[in-house]
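Colleague: Using only what follows, build the 3D model:
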Amino acid sequence: MRPECALSAGCDPRRHARRLSGIWDESMAGRRPRGRMRPVIADSWRRARRSGLDPWARPEVPRADPDDVERRRKLTRLGEVLELLSLGLASCADMGVHVMTIVDDEGHVLWREGSPAVRRRADKAGLIVGSRLLETAVGTTGVGTALVVQRPLQVFAAEHFVHSLHPWVCTAAPVRDPVDGRLLGVVDVSGPAATVHPSTLALVCSMAKHAEAALRSAHRDAVEQLRGVAAPLLARIGQSAMVADRNGWVAAATGVLPPDRVLLPEAPRAGVAHVPPLGWCQLEPLFDGWLIRIERDEPDGPTTVRLDLRAAPPVLVAITPSGTWRYALSPRQAEVLFLLARSPGGYSAAELSADLYGDTGHTVAIRSQLSRLRARLGSLISHRPYRFHPTLEVSCDLPDDPADLLPAATAGPVRELRAQPSW
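Modeller: As a prediction, this is how the structure comes out:
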């Protein structure tokens with residue numbers, strides 16, 4: 001999903017800040033504003049209001065104790081790329097006026113860098129190591145809102161829900177674990193509102209991608225080690241088979257053209273299991289992974305699919321005769337699958353483009369996205385039209401409040417559902 005820059009090209013920051021301040025004043029006074037906020041900001045304000053946050057009060061930011069911060073630093077994979085992130089962001093951002101933070105997936109500030117002067121200003125704003133910068137605590141900010149919508153964005157001046165944060169501009173980008181797609185956290189550069197610039201968003205996005213690339217490289221090394229162990233075994237096996245790591249990434253194969261990754265059952269165990277997109281397979285534990293023997297005679301496939309849209313991230317759960325497997329979904333995948341679940345008759349590429357993008361001109365991107373999704377989920381998704389396979393029982397677990405439905409989604413039907421007062 002594309003980054004959300006606060007200013008368009010050629011926009012005067014001071015004039016735009018005054019315009020935003022007027023919209024904020026009118027909105028908080030309960031009057032209809034004469035201008036509009038960006039949809040991502042308007043959605044965030046609605047969530048902040050629903051949490052009962054006072055826009056005029058200085059927020060009381062929850063803070064973890066030092067022992068908990070140290071525990072979190074050891075648990076997160078962000079620690080593996082800390083030096084890369086710190087050097088990259090510090091070399092490009094002006095540390096005399098900016099503060100750089102690295103935040104885990106639950107909103108806790110784990111690391112912070114900046115000059116003593118800017119750190120003192122950040123202390124007053126609650127931007128302290130251990131602080132938990134969720135929208136429910138501090139309202140609309142680069143960190144808290146990026147954690148919700150899971151895409152890069154900039155929050156400028158009066159776009160912040162809380163008045164005391166109006167002197168700031170926050171620029172944040174999420175970092176995902178390339179191994180399993182989990183959201184690891186957010187990197188953020190914050191500073192005085194007068195320093196706002198689109199290049200800051202490009203910088204933060206670039207460093208987040210560099211961090212993901214470094215994690216991907218480390219994972220490739222681990223898969224290479226598994227490949228070295230698996231190759232002699234597969235050479236003697238005499239049937240179609242492959243070896244994958246614990247997350248389903250394929251290290252080696254024989255007798256079959258392998259996908260990059262297969263979906264292993266939840267809590268896999270030795271025995272017969274349904275492994276998308278391969279079908280039915282025999283699983284055997286092998287070192288730090290699994291030997292997967294591909295069966296030719298397949299029993300019936302999965303009969304029940306459930307989309308859990310209450311989870312973070314959303315997950316697809318498939319129940320098969322051999323057990324249950326689940327697949328963590330990216331925001332875009334969850335958005336697409338939710339639309340398919342609501343339309344048993346299916347979508348053409350043009351129809352799906354219209355719902356996702358607002359016009360029919362993105363059919364090539366739609367076909368590419370659905371091709372990648374079908375490569376992961378196998379026979380669960382049919383094409384011509386795109387839909388869940390008609391033999392499946394498909395259900396959706398929705399959040400209690402419609403406003404919490406897929407916050408990152410931009411599709412028209414999803415935004416309409418989020419705007420309704422109740423289900």
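
Colleague: Distance from the chain centre to the worst-scoring helix or strand of the chain on mean pLDDT, please.
Modeller: The helix or strand of the chain with the lowest confidence, counting by mean pLDDT, DSSP states H and E, is helix 82-92 at a mean of 77. For helix 82-92, the gap between its own C-alpha mean and the chain's C-alpha mean amounts to 22 Å (C-alpha atoms, centre = their mean, to the nearest Å).

Colleague: Buried residues, that helix. List them.
Modeller: In terms of neighbour count (16 or more other C-beta atoms under 10 Å), helix 82-92 has its buried residues at Leu85, Ser86, Gly88, Leu89, Cys92. (Glycine included, C-beta is placed from N, CA and C.)

Colleague: Give the buried residues for stretch 121-136.
Modeller: Under 16+ other C-beta under 10 Å, the buried positions of stretch 121-136 are 121-122, 125-136.

Colleague: That one: end-to-end distance?
Modeller: This stretch, stretch 121-136, spans 22 Å end to end (C-alpha to C-alpha, to the nearest Å).

Colleague: got a list of contacts for that stretch?
Modeller: With C-beta atoms under 8 Å, 6 or more residues apart in numbering as the test, stretch 121-136 has contacts from 44, 47-48, 51, 53, 59, 61-66, 68-69, 99, 101, 103, 106-112, 114, 138, 141, 143-145, 147-148, 164-165, 168, 190.

Colleague: Among those, which lie within helices?
Modeller: Residues of those located in helices (DSSP state H): Ser44, Arg47, Ala48, Pro66, Asp68, Val69, Val138, Val143, Gly144, Thr145, Leu147, Val148.

Colleague: now the strands: where do they sit in the stretch 151-300 of the chain?
Modeller: Here the stretch 151-300 of the chain has its strands, by DSSP state E, counting those that start in this stretch, at 153-156, 168-176, 183-192, 241-245, 250-254, 271-275, 279-286, 289-294.

Colleague: Generate the PyMOL command that creates a selection of the buried members of the ones in helices among the contacts of stretch 121-136.
Modeller: Remark: buried members of the ones in helices among the contacts of stretch 121-136, expressed as a PyMOL selection using 16+ other C-beta under 10 Å:
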select buried, resi 44+47+48+69+138+143+144+145+147+148
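
Colleague: Is it possible to get the ones in helices among the contacts of stretch 121-136 out as CSV so that each row also shows pLDDT?
Modeller: Output for the ones in helices among the contacts of stretch 121-136, formatted as CSV (pLDDT from 0 to 100):
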residue, pLDDT
Ser44, 95
Arg47, 93
Ala48, 93
Pro66, 94
Asp68, 95
Val69, 95
Val138, 95
Val143, 96
Gly144, 96
Thr145, 96
Leu147, 95
Val148, 94
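
Colleague: would you list the ones in helices among the contacts of stretch 121-136 in JSON lines and tack on distance to Thr410?
Modeller: Listed next are those as JSON lines, based on distance: C-beta to C-beta, whole Å:
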{"residue": "Ser44", "distance to Thr410": "14"}
{"residue": "Arg47", "distance to Thr410": "16"}
{"residue": "Ala48", "distance to Thr410": "20"}
{"residue": "Pro66", "distance to Thr410": "39"}
{"residue": "Asp68", "distance to Thr410": "35"}
{"residue": "Val69", "distance to Thr410": "34"}
{"residue": "Val138", "distance to Thr410": "24"}
{"residue": "Val143", "distance to Thr410": "21"}
{"residue": "Gly144", "distance to Thr410": "19"}
{"residue": "Thr145", "distance to Thr410": "14"}
{"residue": "Leu147", "distance to Thr410": "17"}
{"residue": "Val148", "distance to Thr410": "13"}
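
Colleague: Among the ones in helices among the contacts of stretch 121-136, find me the one that's closest to Gly30.
Modeller: Lowest distance from Gly30 to the ones in helices among the contacts of stretch 121-136 (C-beta to C-beta) belongs to Ala48, with 15.1 Å.

Colleague: elements contacting the least confident helix or strand of the chain?
Modeller: Contacts defined by 3 or more C-beta pairs under 8 Å, 6 or more residues apart in numbering; DSSP states H and E place helix 82-92 against strand 99-104, strand 109-114, strand 183-192, helix 198-235.

Colleague: So what's the gap between the first one and the chain middle?
Modeller: Between the centre of strand 99-104 and the centre of its host chain there is 17 Å, according to C-alpha atoms, centre = their mean.

Colleague: and what of the second one?
Modeller: Centroid separation between strand 109-114 and its chain, computed with C-alpha atoms, centre = their mean, is 21 Å.

Colleague: can you give me the angle the following helix or strand past it makes with strand 183-192?
Modeller: Per DSSP states H and E, the first helix or strand lying C-terminal to strand 109-114 is helix 116-124. Relative orientation of helix 116-124 and strand 183-192, computed by axes from the mean of the first three to the mean of the last three C-alpha atoms, to 10 degrees: 110 degrees.

Colleague: how far off strand 109-114 does helix 116-124 point, in degrees?
Modeller: Relative orientation of helix 116-124 versus strand 109-114 (the same axes, to 10 degrees): 140 degrees.

Colleague: can you state the direction angle for helix 116-124 and strand 168-176?
Modeller: Angle, helix 116-124 to strand 168-176, by the same axes, to 10 degrees: 80 degrees.

Colleague: What mean pLDDT does helix 116-124 get?
Modeller: Averaged across helix 116-124, pLDDT comes to 87.

Colleague: ok so, going back, can I get the buried residues of stretch 121-136 in a markdown table including secondary structure and distance to Gly345?
Modeller: Listed next are those as a markdown table, based on DSSP: H, G, I helix; E, B strand; the rest coil; distance: C-beta to C-beta, whole Å:
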| residue | secondary structure | distance to Gly345 |
| --- | --- | --- |
| Arg121 | helix | 56 |
| Ala122 | helix | 53 |
| Ala125 | coil | 51 |
| Gly126 | coil | 50 |
| Leu127 | coil | 49 |
| Ile128 | coil | 53 |
| Val129 | coil | 52 |
| Gly130 | coil | 51 |
| Ser131 | strand | 48 |
| Arg132 | strand | 44 |
| Leu133 | coil | 43 |
| Leu134 | coil | 39 |
| Glu135 | helix | 37 |
| Thr136 | helix | 39 |
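
Colleague: Tell me which of the helices and strands packed on helix 82-92 sits nearest to Cys281.
Modeller: Short answer: helix 198-235, nearest of the helices and strands packed on helix 82-92 by C-beta to C-beta, at 14.2 Å.
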